[in-house]
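# following is a predicted model, sequence given first.
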2 protein chains.
Amino acid sequence: LEEERIHEFREQFLALHAYDRAVFYEKTTPEIRQQIYLYLSPKELAEIFETSEIQEHEYRDYLEEMDTTYAAEMISYMFVDNAVDVLKELNRTQVISYLTLMNEEEAEQIRALLHYEEHTAGSIMTTEFVTIPENSTVRSAMTILKTEAPSAETIYYVFIVNENNRLTGVVSLRDLIIADEDTLIRDIMNDRVMSVLVSDDQEDVARRIQDYNLLAMPVVDFQQHLLGIVTVDDIIDVLDEEASDDYSKLAGVVDIDTTDKNSFAAAKKRAPWLIILLVLGMLTASLIDMFTGTIEKVAILAAFIPLIAGTAGNSGTQALAVAVRGIATRDNEDESRWKLLVREAGTGLITGIICAVFVVALITIWKGEFIIALLVGAAIMVSIFVATLSGSFIPLLMHRLNIDPAVASGPFITTLNDVISILIYLGLATTFIDKLPIS
Amino acid sequence: LEEERIHEFREQFLALHAYDRAVFYEKTTPEIRQQIYLYLSPKELAEIFETSEIQEHEYRDYLEEMDTTYAAEMISYMFVDNAVDVLKELNRTQVISYLTLMNEEEAEQIRALLHYEEHTAGSIMTTEFVTIPENSTVRSAMTILKTEAPSAETIYYVFIVNENNRLTGVVSLRDLIIADEDTLIRDIMNDRVMSVLVSDDQEDVARRIQDYNLLAMPVVDFQQHLLGIVTVDDIIDVLDEEASDDYSKLAGVVDIDTTDKNSFAAAKKRAPWLIILLVLGMLTASLIDMFTGTIEKVAILAAFIPLIAGTAGNSGTQALAVAVRGIATRDNEDESRWKLLVREAGTGLITGIICAVFVVALITIWKGEFIIALLVGAAIMVSIFVATLSGSFIPLLMHRLNIDPAVASGPFITTLNDVISILIYLGLATTFIDKLPIS
């Protein structure tokens, strides 16, 4: 297909959706990509870069394949917010060289956005939106829209500003279309417009767009000056990233990235976590080591150690997950922390009793060891209670101290629960050793 | 505020965004809600129900608070897809009574949608969209849009059908606004329109809307007849639900629902999982029980059991999480399963060797027991390898057998890993018992 038949290739390739073109672009060889650069205009390539889900660190490689002027022109055709995402991956000299090759106005917009901190509303917003002065009519607004439509990222919300460029309202294109042409914008606009600060966290922005079912959210500074907008397609990615993030942390992987094509990269991500847990696990081992006297006498005690530690770990993870997810989705914002802890304590107690009764019955029937069964049951009850409580208390505390609860809590809670549950179990066993069946 | 001052209340309340009204509605007492039913029209209340994130089982309680005719009228004002979500929570008699109270056309639409299976495109689509015949002009299309705008869920995509109501294209409102008024729709429409089948899984629909950055996706039957559309706000909720779901399952909770206001409800969700793990844990306990002879002689062996089982569990969870998330996001769709397994085997081997070397060094330095250290290291290496491999193989197998890999794999993998790792450890110990320092 690629035998120099430029026209046929262009026709077929451009008929594909940009996403499919992007998938092809990424999958193909560098040689074919060189041909693509010859056959496609920078503008057409920009469209591919817009929709692709290219890994951020790969942008640099792709750009280096291209001629510098071609690359600069392509970047200038991208929506500003996406262009900024690409440039953020490059080093300072590269950024400057691309910016000097662009036209002044475009470069200015990009330069302004490059300064916002990561994970803020400013870093995901675009400056390509449509504003209309409050005293225009619907007719003049539609004229402005027609000229701006090709370059704006969304035209489905139009933002209304006063003479000082302060945000005063919003009108949806739907309302504009329904309205009479001579109506003043001021009369149909919604003046209770919702906005976020440029420094707000991107997750907060995403949650608000989700809650209020919006297609775009205006971003302002402290004086209500309209700086940009965040659109719904960007926030889907934010929410997705956030969810994957919490999930990775619960699983004990720094970053779940299934596109790791080799085992070394994957091992590098997973090993550190296992090592941390090994070191902490040594604490548990040392603790058991202190009870070797008891275990020598009643070796069957050892059989239940993994069961008890495992159960404590599982109930701790359950409580942790509920707390972390609750913090992330702000479900429990208006509930007082104390109430949450009291509730979790109750849950731990009930779950502990249920599991204890169950385990006592099971061991008695299975092994016929009632005294051992009682001991294991008591240890399980107390450790589920403690694990549930610590699983919800520690993340809340971390959140209070502004530490990400998802990453920091896991190993602490696991170790704490292991230590406490084993201490209770072997402690009880040592105390009541006279009552136990010496093996 | 609620002292019968209807006008003031209405003015202030209606000025709020529908989401905030919904939050107030849910938080307030049943008595105040009774007043709300008096003060607000069914249409105004419908708007609250649209945006609220009322738990599905609560709809029934709210509807029962209302007068039946009022409730029926309110439901008929909701967008059809949301109305269907509400009605699905009720029993047959209730549904029928509400439907008979509505106007015929509305009831017909709802009845049609009620039949689609849960989690399919059909169950989340709406039938309130705008279609235009292919041979109209832009001008006549805009006229149709103006009349349909108030009742359609989105007017930002207009779907083009031929005389048999088959989907042939799509035009965005943006293109309509830019285009000359006399242009034929056929000439500006995109005829490579993307669509999904009514029976497609809702997660697939969501992923495609996300990948292609769409605001809405048309839903068709096998003959390309246009049946409905799925809008972006619905798919955000689908993706969110899916992510929470995978997360809950990894944590071992049937459903992470932080709005559980009492401990019994939470315990009811968590206890079954703990009980399953307890039963499976008994297998491990029985296994260790077989080695009591060895443990009696070398009690320090018991100290490392939780460490080894824990490490196997952790590396299994890592592999499981990567596999489950990869299946959910289809990241690894075009990679062959064998390649994935070979890669994971590599990762397991490398991680295993790193951790084993580390643990041998640590135990030798800390406890001065080189032979025990070697034994623990060997067990850790083999069990990380096995755990990583089973953590990726089992979910892939489950997926192949059409079982949800997230829910079914957890307990299997944990138990399997516990059993294998302990078998290797105590098996090795028993074999080399002559070399071990008898305590």
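Perfect, thanks for sending it.
# okay, CA-based contacts and neighbour counts for the rest of this
Will do.
# stretch A:309-317 and chain B in contact?
Yes - if you take CA under 8 Å from any CA of the partner chain as the test, stretch A:309-317 does meet chain B, through A:309-311, A:314-315, A:317.
# okay, now residue A:413: neighbour count?
Residues contacting residue A:413 under the criterion other CA atoms under 10 Å in any protein chain shown number 24.
# what about the residue nearest to it when sequence neighbours are not counted, distance to chain B?
By the measure of CA to CA, 6 or more residues apart in numbering or on different chains, the closest residue to residue A:413 outside its immediate chain neighbours is residue A:391, 6.4 Å from it. Taken as CA to the nearest CA, to the nearest Å, the spacing of residue A:391 relative to chain B amounts to 12 Å.
# quick one: contacts for residue A:391?
Going by CA atoms under 8 Å, 6 or more residues apart in numbering or on different chains, residue A:391 touches A:316-320, A:323, A:413.
# if you set the cut-off to 7 Å instead, what comes out?
Under the criterion of CA atoms under 7 Å, 6 or more residues apart in numbering or on different chains, the neighbours of residue A:391 are A:316-317, A:319-320, A:413.
# mind checking which helix or strand residue A:152 is in?
Using DSSP states H and E, residue A:152 maps to neither a helix nor a strand.
# poorly predicted segments of the stretch 151-300 of chain A, please.
Low-confidence segments of the stretch 151-300 of chain A, defined by pLDDT under 70: A:253-261.
# please enumerate the strands of it.
According to DSSP state E, counting those that start in this stretch, the stretch 151-300 of chain A carries its strands in the segments A:157-161, A:167-172, A:196-197, A:216-220, A:226-231.
# didn't residue A:196 look like it was pressed against residue A:222?
No - at 9.8 Å, residue A:196 and residue A:222 do not qualify as touching, with contact defined as CA atoms under 7 Å.
# of those two, which one has the most company?
Taking neighbours as other CA under 10 Å, residue A:196 and residue A:222 compare with residue A:196 leading, 22 against 10.
# enumerate the beta-bridge partners assigned to that one.
Here residue A:196 sits in beta bridges with residue A:219, as judged by DSSP bridges.
# that one: what's it in contact with?
Shown here is residue A:196, whose contacts under the criterion CA under 7 Å, 6+ apart are A:205, A:218-220.
# that older thread, between the residues of stretch A:309-317 next to chain B, which is closest to residue A:97?
residue A:317 (49.8 Å; CA to CA).
# what kind of secondary structure is that closest one in?
At residue A:317 the chain is in helix, as set by DSSP: H, G, I helix; E, B strand; the rest coil.
# find the nearest non-adjacent residue to it, please.
Distances taken as CA to CA, 6+ apart put residue B:251 closest to residue A:317, at 5.8 Å, once the chain neighbours are dropped.
# and the helices in the stretch 1-150 of chain A?
Defined through DSSP state H, counting those that start in this stretch, the helices belonging to the stretch 1-150 of chain A, from first to last, are A:6-15, A:18-27, A:30-39, A:42-51, A:58-65, A:68-77, A:80-87, A:92-101, A:104-114, A:121-124, A:138-148.
# what's across from the residue nearest to residue A:185 when sequence neighbours are not counted in the sheet?
Distances taken as CA to CA, 6+ apart place residue A:137 nearest to residue A:185, at 5.4 Å, with adjacent residues excluded. For residue A:137, the beta-bridge partners are residue A:184 (DSSP bridges).
# residue A:137 touches residue A:184, doesn't it?
Yes - with contact defined as CA under 7 Å, residue A:137 counts as touching residue A:184 (4.3 Å).
# neighbours around residue A:218, how many?
Using other CA under 10 Å, residue A:218 has 28 other residues around it.
# tell me who's in contact with the closest residue to it other than its chain neighbours.
Taking CA to CA, 6+ apart as the measure, residue A:218 lies nearest to residue A:229, with 4.3 Å between them; neighbours along the chain are not counted. For residue A:229, the contacting residues are A:125-127, A:129, A:216-219, by CA under 7 Å, 6+ apart.
# swap in residue A:378?
Residue A:378 sits next to residue A:356 when contact means CA under 7 Å, 6+ apart.
# pLDDT of the host helix or strand of it, averaged?
Taking DSSP H and E as the criterion, the element that holds residue A:378 is helix A:370-400. Along helix A:370-400, the predicted local confidence has a mean pLDDT of 88.
# so which residues make contact with stretch A:107-118?
Stretch A:107-118 is contacted by residues A:80, A:84, A:99, A:122-123 when judged by CA under 7 Å, 6+ apart.
# change it to 10 Å
Taking contacts as CA atoms under 10 Å, 6 or more residues apart in numbering or on different chains, the residues outside stretch A:107-118 that touch it are A:75-76, A:79-85, A:87-88, A:95-96, A:98-102, A:105, A:122-128, A:198-199, A:201-202, A:227-228.
# low-confidence ranges, the stretch 301-439 of chain A, go.
Answering for the stretch 301-439 of chain A: the residues below the bar, that is pLDDT under 70, span A:328-336, A:405-411, A:438-439.
# make it 50
Where the stretch 301-439 of chain A drops to pLDDT under 50, the residues are A:332.
# all helices of it, in order?
A:305-329, A:337-367, A:370-400, A:405-431.
# what is the nearest of the residues of stretch A:309-317 next to chain B to residue A:239?
Nearest to residue A:239 among the residues of stretch A:309-317 next to chain B is residue A:317, at 22.4 Å by CA to CA.
# number of nearby residues for that closest one?
Quick note: residue A:317 (other CA under 10 Å) scores 26 neighbours.
# surely it meets residue A:412?
No - applying CA atoms under 10 Å, one finds residue A:317 not in contact with residue A:412, separated by 11.3 Å.
# what's the overlap in contacts for these two?
Common neighbours of residue A:317 and residue A:412 (criterion: CA under 10 Å, 6+ apart): A:390-391.
# quick one: contacts for residue A:145?
Residue A:145 makes contact with A:129-132, A:139, A:152, A:155-156, A:158, A:173, B:174, B:177-178 under the criterion CA under 10 Å, 6+ apart.
# could you measure from it over to residue A:72?
Computed with CA to CA, to the nearest Å, the distance linking residue A:145 and residue A:72 is 28 Å.
# one more: residue A:293?
As defined by CA to CA, residue A:293 lies at a distance of 73 Å from residue A:72.
# which one's more surrounded, those two?
Applying other CA under 10 Å to residue A:293 and residue A:72 shows that residue A:72 carries more neighbours, namely 21 against 16.
# measure the closest residue to the more buried one other than its chain neighbours to residue A:39 for me?
Taking CA to CA, 6+ apart as the measure, residue A:72 lies nearest to residue A:98, with 5.0 Å between them; neighbours along the chain are not counted. Counting by CA to CA, the gap between residue A:98 and residue A:39 amounts to 22 Å.
# and for residue A:387?
The value you get for residue A:387 to residue A:39, if CA to CA is used, is 62 Å.
# which of those two has more neighbours?
More crowded of residue A:387 and residue A:39, by other CA under 10 Å: residue A:387, with 31 against 17.
# how about the more buried one, what does it touch?
Applying CA under 10 Å, 6+ apart, one finds that residue A:387 lies in contact with A:311-320, A:345, A:348, A:352, A:393, A:413-414, A:416-418, A:420-421.
# excluding chain neighbours, what is closest to it?
Computed as CA to CA, 6+ apart, the closest residue to residue A:387 that is not its neighbour in sequence is residue A:316, at 4.6 Å.
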